[in-house]
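# quick one, fold the following:
(one chain, ligands or ions: 2)
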Amino acid sequence: MECIFCRIAEKKLPSKILFEDERSIAFEDINPQAPVHVLVIPKKHISTVLELKKEDRELIGQLFLVANIVAKEKGIAERGFRLVLNCNREAGQTVFHIHLHLLGGRPMQWPPG
Ligand code: 5GP
Ligand code: ZN
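Residues are numbered from 1 along each chain as shown. Ligands and ions are numbered 1, 2, ... in the order given. All right, here's what the predicted structure looks like:
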């Protein structure tokens with residue numbers, strides 16, 4: 001299957017991995033939009049939020065727990081950070097394997113662009 005994030009999860013494509021467990025992996029974004037920009041993904045291929053099934057509930061919760069761990073490790077937990085999950089074209093999703101963006105290390109604007 002030609003999915004870059006599946007390939008990253010399988011370690012067939014190199015990435016800077018910050019956290020890994022059986023079901024998920026967190027790695028540095030290749031084109032960071034903030035001093036801290038980490039992607040947290042399930043190892044299971046799920047293309048968009050629209051594809052989520054009931055049995056994925058725990059897996060999705062796990063992504064938030066991983067973001068919590070990485071935010072603390074990166075030292076941005078107290079200052080604050082943003083978690084973003086884009087779905088489909090208008091939101092700007094470009095990789096169709098769900099991923100939680102963990103962004104921090106600078107003030108964030110609201111509303112987002
Ligand atoms: P999206 O726009 O789909 O929400 O986010 C995709 C993200 O994946 C982008 O921030 C982009 O920089 C990142 N990305 C795309 N290809 C690669 C890659 O090969 N390695 C890593 N580490 N990040 C990637
Ligand atoms: Zn995939």
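
# ranges for the helices of the chain?
For the chain, helices defined by DSSP state H occupy the ranges 4-9, 57-73.

# got TSV for those, with mean neighbour count and distance to ligand 2 too?
From N, CA and C alone the C-beta is placed, and that goes for glycine too. Rendered in TSV, the data for the helices of the chain read as follows (neighbours: other CB atoms under 10 Å; distance: least, CB to the ion, whole Å):
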stretch	mean neighbour count	distance to ligand 2
helix 4-9	18	3
helix 57-73	16	13
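
# is ligand 2 within reach of the top strand by length along the chain?
Taking DSSP state E as the criterion, the chain has its longest strand at strand 36-42. No: Strand 36-42 lies apart from ligand 2 when judged by CB under 5 Å from the ion; the minimum separation is 7.9 Å.

# now do stretch 19-37: distance from first to last residue.
Length of stretch 19-37, first residue to last, CA to CA, to the nearest Å: 14 Å.

# same question for it, mean pLDDT?
In this model, stretch 19-37 carries a mean pLDDT of 98.
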